[in-house]
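Participant: sequence unavailable; structure follows:
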């Protein structure tokens, strides 16, 4: 027996005043309605109705049960309406994960914008130096950058391209000279950023040419914000993600080295679980990313290609 269906039938019998009238409104036969109410009474081991050929009357137990039925059915209907409307109206809690530098530079301004547009959504932004398991850890959207996406059943929306940039503080270059080739970096103090996407060597590429430089271990750190501070302080030459380097170049703390070489290009993605019945809060967040992130990427690319910021 479908208990919720039986409860609906029982309540409709009372509201309609008869089994026949209830059957007509529910598009069931009178026999089906009578059987469902009888099965409900049997499962409860309590009589809910006194029945005569002309009228129905609730028992004391039936009156109490009817009140509870109405409360339960109202909550069920409310939950169904909320769930079915989730793809229409953004509300609830949106859980987003990203790498730390990417989140602070690009996502935080967009979270502020999103909160203004959709005040019924509460945003949880988790930042770390790893790519989490979206389903295991309960995230709605993971914003990540990688060279190749691993095989998975997740939906991947491509948002643009990021890359790495070699930088140093003007004061450091005045003391130690400006390297003109990747090979010349071997004579410099190269700081190691423990990038979760591209750890290890610095791979320079240009028109089919490839050179590899291994940074030293005099200083290493796993968060790009800390690397920016170390490089601005003159500790050495560093390799930064483009979204971190652009800000430091604009502020004058660093200058770009070897701009004719490309390093560690990778794609930026928004990952989420399914296109089917997509929750409105996820759809609107991804739409905002697709609309706004390319503008931020274009702004930073223009700065990185500006000779005014080169050594």
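Facilitator: Arrived safely, thanks for sending. Only a predicted model underlies this, so the values are computations on that prediction, with no experimental measurement involved.
Participant: residue 5 is in contact with residue 39, correct?
Facilitator: No. Applying C-beta atoms under 8 Å as the test, residue 39 and residue 5 come out as separate, 10.3 Å apart. In short, each C-beta sits where N, CA and C put it, glycine included.
Participant: what does stretch 175-186 rub up against?
Facilitator: 166, 187-189, 202, 204, 211, 213, 234, 237, 257-258, 261, 311 (C-beta atoms under 8 Å, 6 or more residues apart in numbering).
Participant: what packs against the strand ranked longest in the chain?
Facilitator: In the chain, taking DSSP state E as the definition, the longest strand is strand 155-168. Applying 3 or more C-beta pairs under 8 Å, 6 or more residues apart in numbering; DSSP states H and E, one finds that strand 155-168 contacts strand 238-241, helix 242-251, strand 255-257, strand 262-272, helix 280-304.
Participant: could you rerun that using 10 Å?
Facilitator: Packing partners of strand 155-168 (3 or more C-beta pairs under 10 Å, 6 or more residues apart in numbering; DSSP states H and E): strand 141-146, strand 202-206, helix 224-232, strand 238-241, helix 242-251, strand 255-257, strand 262-272, helix 280-304.
Participant: next SSE downstream of that strand?
Facilitator: Past strand 155-168, further along toward the C-terminus, the next helix or strand under DSSP states H and E is helix 170-176.
Participant: quick revisit: to residue 73, which of the helices and strands packed on strand 155-168 lies closest?
Facilitator: With C-beta to C-beta as the measure, helix 280-304 is the member of the helices and strands packed on strand 155-168 nearest residue 73 (25.7 Å).
Participant: now do that closest one, average pLDDT.
Facilitator: Helix 280-304 carries an average pLDDT of 95.
Participant: residue nearest the centroid of this protein?
Facilitator: Nearest residue to the geometric centre of the chain (C-alpha atoms, centre = their mean): residue 141, 1.9 Å.
Participant: I'd say it and residue 272 touch.
Facilitator: Yes. The criterion here is C-beta atoms under 10 Å, and residue 141 meets it with residue 272 at 4.9 Å.
Participant: need the residues touching each of those two.
Facilitator: Contact with both residue 141 and residue 272 is made by residues 96, 134, 155, 157, 282, 285, 286, according to C-beta atoms under 10 Å, 6 or more residues apart in numbering.
Participant: just to revisit the earlier point, just the buried ones from the contacts of stretch 175-186?
Facilitator: With neighbours counted using 16 or more other C-beta atoms under 10 Å, these contain these buried positions: 166, 188-189, 202, 204, 211, 213, 234, 237, 257-258, 261, 311.
Participant: now residue 21: how far from residue 214?
Facilitator: According to C-beta to C-beta, to the nearest Å, residue 21 stands 84 Å off from residue 214.
Participant: beta partners for residue 166?
Facilitator: Per DSSP bridges, the residues bridged to residue 166 are residue 239, residue 257.
Participant: ok, residue 158 next?
Facilitator: Here residue 158 sits in beta bridges with residue 269, as judged by DSSP bridges.
Participant: just the pLDDT for it.
Facilitator: What the model reports as pLDDT for residue 158 is 94.
Participant: give the contact list for it.
Facilitator: 149, 267, 268, 269, 270, 290.
Participant: for the shared contacts of residue 141 and residue 272, pick the one with the most neighbours.
Facilitator: Counting neighbours by other C-beta atoms under 10 Å, residue 285 leads those with 27 neighbours.
Participant: that residue and residue 139 touch, don't they?
Facilitator: No. If you go by C-beta under 10 Å, residue 285 and residue 139 don't touch, sitting 11.6 Å apart.
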